[in-house]
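# what follows is a predicted protein model with its sequence.
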Amino acid sequence: MPELPEVQTLVDDLRASSLIGQTIKDVQVRWPRIVAEPTLELFCRQLAGQRVSDIQRRAKYLVFSLGSGQSLLVHLRMTGKFAFASPKDALEAHHHVLLTFGDERQLRYHDTRKFGRFSLVQSAEEALRHLGLEPLSAEFTPEALEQRLRGRRTPLKAFLLDQRQVAGIGNIYADEALWGAGLHPATPAGSLSQEQVHFLYSSIIEALQRGLRNMGTTLGNSQANFYSVAGRRGRNEDELRVFRRTGLPCPRCGQAIERTVLAQRSTHYCLRCQQNGKRT
DNA sequence: GATAATGTTGGTCG
DNA sequence: ACGACCAACATTAT
């Protein structure tokens, strides 16, 4: 669920909540497998007592910089969420990690499916080295995208989901970006013309920025969905063009949106607008 | 009430 | 290099 815009929304929320500068007084892990590294014991011992010096996003990871120079990396996978509470407040079944700060606030990690992972690492750069281009940074240029696409026969949809190429795009924004570019999801990545690469480039940025502007996408009403730290829903569902809109009219041409499965993921597109012709 | 599907990632296996 | 499949889990939709 949480892709780049959702994770950025959480990071913005955490920064706005004056967490930077606070000291982690206590660490409780209620589901040990959430901790990927180091061992559970070291994780708790080394994290306690540290000051949070910065909070940033890289791809779909939250990066907490710590006083020791180490970093706490959190990946929310499908259903991870953060919210503040008082240590006295009742715990829910899916509260798995509790960070209590010096000001008595408790940051609670909630994850119904338990896929999320916490890592305490010496170097964030090293641990996140495998990730590709940040699509909203200066390193993401049409030329850099073209270089990554070149020679690949993999479908564009699979390419966009590959975090080693462009980092932070998930199923929602991949489908939205391909619709915006007028490209069929099954198009071989290396087959794009220079013009099509430019369409894809600008469409990726547009789709992500729309998500950001709306503070993320919250689909439907289930609790397993995206909610900000403050518990707010994202507003981007209303602006989705194709994702989970199977059978509904394409906003550009009115044709019913198709659904198929590509790269083992549900994939939504407009048969008429995404035939790799010129974008309107 | 059983079964399928779900926004992610990382692994295996051909 | 690539894709098919699975595993980690729980909830919701069918």
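That came in fine, so what should we check first? Numbering: from 1, shown residues only, chains lettered A, B, ... in the order given.
# residue A:145: what secondary structure?
Of the three states, residue A:145 takes helix according to DSSP: H, G, I helix; E, B strand; the rest coil.
# so it makes contact with residue A:201?
Yes - counting by C-beta atoms under 8 Å, residue A:145 touches residue A:201, with 5.1 Å between them. For every residue, glycine as well, the C-beta is placed using N, CA and C.
# just for chain A, where's the confidence low?
Scanning chain A for pLDDT under 70 picks out A:277-280.
# pull up the residues of chain A that are close to DNA strand C.
Contacts of chain A with DNA strand C, taken as C-beta under 7 Å from any atom of the strand, map to A:33, A:77, A:93-94, A:112-115, A:152-155, A:158, A:189, A:220-224, A:263-264.
# how about a cut-off of 6 Å?
Residues of chain A lying near DNA strand C by C-beta under 6 Å from any atom of the strand: A:33, A:112-115, A:152-155, A:158, A:220, A:222-224, A:264.
# and the residue in the stretch 101-250 of chain A that DNA strand B sits nearest to, how far from residue A:163?
Here the residue of the stretch 101-250 of chain A nearest DNA strand B is residue A:170; by C-beta to the nearest atom of the strand that distance is 1.8 Å. Distance from residue A:170 to residue A:163, counting by C-beta to C-beta, to the nearest Å: 9 Å.
# ok, residue A:261 next?
According to C-beta to C-beta, residue A:261 stands 20 Å off from residue A:163.
# which one of these two is surrounded by more residues?
residue A:163 (17 against 9; other C-beta atoms under 10 Å).
# quick check: the more buried one touching residue A:132?
Yes - using C-beta under 8 Å, residue A:163 makes contact with residue A:132 at a distance of 6.3 Å.
# quick one on the thing from earlier: which one is the residue of the stretch 101-250 of chain A closest to DNA strand B nearest to, not counting chain neighbours?
residue A:3 (3.7 Å; C-beta to C-beta, 6 or more residues apart in numbering).
# and that neighbour, what is it in contact with?
With contact taken as C-beta atoms under 8 Å, 6 or more residues apart in numbering, residue A:3 is in contact with A:60, A:168, A:169, A:170, A:171, A:172, A:173, A:211, A:217.
# equivalent analysis for residue A:119, please.
Applying C-beta under 8 Å, 6+ apart, the residues near residue A:119 are A:35, A:36, A:37, A:72, A:73, A:74, A:127.
# pairing partners for residue A:75 in the sheet, please.
Counting by DSSP bridges, residue A:75 forms beta bridges with residue A:61, residue A:117.
# for the one 10 residues further on, same thing?
Beta-bridge partners recorded for residue A:85 (DSSP bridges): residue A:106.
# state the number of residues packed around it.
Look at residue A:85: counted by other C-beta under 10 Å, it has 16 neighbours.
# was I right to think it contacts residue A:104?
No - in this structure, residue A:85 is not within contact of residue A:104 by C-beta under 8 Å, at 10.5 Å.
# quick check on the residue nearest to residue A:170: phi, psi?
Torsion angles at residue A:3 (phi, psi; degrees, to the nearest 10) stand at phi -100, psi -170.
# ok, it to residue A:97 distance?
The gap separating residue A:3 from residue A:97 is 21 Å, by C-beta to C-beta.
# could you do residue A:175 as well?
Counting by C-beta to C-beta, the gap from residue A:175 to residue A:97 is 31 Å.
# residues in contact with the residue in the stretch 1-150 of chain A positioned nearest to DNA strand C?
Nearest residue of the stretch 1-150 of chain A to DNA strand C, counting by C-beta to the nearest atom of the strand: residue A:113, 3.5 Å away. Residue A:113 sits next to A:77, A:78, A:79, A:224 when contact means C-beta under 8 Å, 6+ apart.
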